[in-house]
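# Kindly return the folded structure for what I paste below:
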Amino acid sequence: MEGELRVDHRDFAGFERKSIPTSEVRIEVWVAGNGPPVLLLHGFPQTHVMWHRVAPRLAERFTVVCPDLRGYGASEKPPGDPRHERYSKRAMARDQAEVMSALGFERFAVVGHDRGARVAHRMALDFPSRIQRVALLDILPTLSIFEGINQRVAMGYYHWFFLSQPYDLPERLIGYDPDFYYGWCLRSWSGGGLEAFDGQALASYLAAMRDPAAIHASCEDYRAGATIDLEHDRADAAKRIESPLLVLWGEHIVSDRTFDPEEVWDRRAQIVGGRGLECGHFLAEERPSEVVRELHDFLGK
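Numbers count the residues shown, from 1 in each chain. The predicted structure is shown next:
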């Protein structure tokens with residue numbers, strides 16, 4: 001049973017696990033702390049556990065909410081649909097807005113990494129009155145990437161094009177050896193190989209992604225990114241994020257260096273801070289103390 005999947009990490013021992021039914025899916029969340037609410041959204045191919053070096057420290061000053069996104073970890077994994085609407089960032093953002101309402105938080109800050117940052121970006125556009133501050137870790141806008149493709153970017157973002165292939169090509173290929181594929185992703189995108197990850201956290205990611213429903217859901221996530229998410233982004237091309245924005249990125253991810261992250265995001269929001277960290281893609285695990293410091297400074301204003 002997906003709800004029984006053990007993806008907990010020891011650093012979440014002080015967090016209370018809650019199962020929250022939204023209008024479409026059940027979302028599993030881990031909550032701890034007191035103070036202003038902060039929603040932490042994980043990326044691919046991970047779960048809420050990616051925040052294990054950050055969330056407990058933030059919980060000393062904030063109420064921290066760490067969900068598994070729709071389709072990932074212990075949350076519900078609906079099958080895809082022809083237009084990939086069920087895994088659009090709009091649908092995933094709506095899930096999280098409803099989670100925060102269920103927890104009694106009508107206004108909150110959101111911090112997202114990777115796919116979670118794309119959900120956070122959509123939340124800031126669709127729920128501007130509810131988002132107090134938004135921090136985006138190691139992404140550029142989806143539309144910017146697709147419209148700025150060159151050979152270097154395409155090589156770095158190859159997985160966007162692989163995972164978004166029609167059902168069930170990527171599902172079958174990944175399903176043959178999911179530990180190899182997801183382990184390869186984690187190793188190649190970090191600045192220090194698999195040694196950058198805590199062993200128990202790494203094991204939890206691989207265990208969660210062995211589920212065929214999770215493999216399918218992650219492919220649908222990327223299919224949505226290449227189709228319906230672009231429709232939504234183009235329709236909102238004139239919109240700017242109204243909340244103060246912090247952007248952080250890993251300096252060792254060369255595929256993004258075609259773009260200047262601050263310049264790109266400055267066209268879409270009022271940036272109050274932005275800098276690169278000396279690491280790969282997984283900032284919260286490779287440079288947790290720097291991430292905590294940046295978030296404390298940003299969220300505490």
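# got the CA coordinates for stretch 286-295 in CSV?
Written as CSV, here are the backbone C-alpha positions of stretch 286-295 (Å, rounded to 0.1, in the frame of the first residue of the first chain):
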residue,chain,number,x,y,z
GLU,A,286,25.1,19.4,-0.3
ARG,A,287,25.1,22.9,1.4
PRO,A,288,22.4,22.6,4.2
SER,A,289,24.0,25.2,6.5
GLU,A,290,24.2,27.8,3.7
VAL,A,291,20.6,27.1,2.7
VAL,A,292,19.3,27.4,6.3
ARG,A,293,21.2,30.7,6.7
GLU,A,294,19.8,32.1,3.4
LEU,A,295,16.3,31.0,4.3
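# So which bits of it are buried?
Neighbour-count burial for stretch 286-295 flags Glu286, Arg287, Pro288, Glu290, Val291, Val292, Glu294, Leu295 (criterion: 16 or more other C-beta atoms under 10 Å). (Glycine included, C-beta is placed from N, CA and C.)
# now stretch 12-22
Phe12, Phe15, Ile20, Thr22.
# out of everything not next to it in sequence, what's closest to Asp138?
Once flanking residues are discounted, Asp138 sits nearest to Trp249: 4.8 Å by C-beta to C-beta, 6 or more residues apart in numbering.
# Could you tell me how far stretch 220-238 lies from the centre of the chain?
16 Å (C-alpha atoms, centre = their mean, to the nearest Å).
# Buried by neighbour count: which residues of it qualify?
Glu220, Asp221, Tyr222, Arg223, Ala224, Gly225, Ala226, Ile228, Asp229, His232, Asp233.
# contacts for that stretch?
In this structure, residues lying in contact with stretch 220-238 by C-beta atoms under 8 Å, 6 or more residues apart in numbering are 44, 71, 80, 83-90, 92, 115, 118, 122, 125, 141-143, 146, 159-161, 163-164.
# try it again with 6 Å
Here stretch 220-238 makes contact (C-beta atoms under 6 Å, 6 or more residues apart in numbering) with 80, 83-85, 87-90, 125, 142-143, 160, 163-164.
# I'd like to know how far Glu60 sits from Lys239.
Shown here: Glu60 relative to Lys239, a distance of 35 Å by C-beta to C-beta, to the nearest Å.
# can you check Thr63 too?
28 Å.
# same question, Asp266
From Asp266 to Lys239 the distance is 15 Å (C-beta to C-beta).
# Over to Lys89?
In terms of C-beta to C-beta, Lys89 sits 14 Å off from Lys239.
# More neighbours: which of these two?
Lys89 (26 against 14; other C-beta atoms under 10 Å).
# count of neighbours near Leu69?
Applying other C-beta under 10 Å, I find that Leu69 has 28 neighbouring residues.
# which residues of the stretch 101-250 of the chain fall in strands?
For the stretch 101-250 of the chain, strands defined by DSSP state E, counting those that start in this stretch occupy the ranges 108-113, 131-137, 241-250.
# May I see those strands organised as TSV, with distance to Glu278, mean pLDDT and mean neighbour count added?
Formatted as TSV, the strands of the stretch 101-250 of the chain follow (distance: least, C-beta to C-beta, whole Å; pLDDT from 0 to 100; neighbours: other C-beta atoms under 10 Å):
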stretch	distance to Glu278	mean pLDDT	mean neighbour count
strand 108-113	17	98	27
strand 131-137	15	97	24
strand 241-250	8	95	22
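# Output those in a markdown table, with distance to Ala196 appended to each entry.
Formatted as a markdown table, these follow (distance: least, C-beta to C-beta, whole Å):
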| stretch | distance to Ala196 |
| --- | --- |
| strand 108-113 | 14 |
| strand 131-137 | 15 |
| strand 241-250 | 11 |
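# Looking at those, which is nearest to Ser204?
strand 108-113 (16.1 Å; C-beta to C-beta).
# by how many degrees do the closest one and strand 241-250 diverge?
30 degrees (axes from the mean of the first three to the mean of the last three C-alpha atoms, to 10 degrees).
# what packs against strand 108-113?
strand 37-41, helix 115-126, strand 131-137 (3 or more C-beta pairs under 6 Å, 6 or more residues apart in numbering; DSSP states H and E).
# Compute the inter-axis angle for the shortest one and strand 108-113.
Right, strand 37-41. 20 degrees.
# same deal with the last one?
Between the direction of strand 131-137 and that of strand 108-113, the angle (the same axes, to 10 degrees) works out to 10 degrees.
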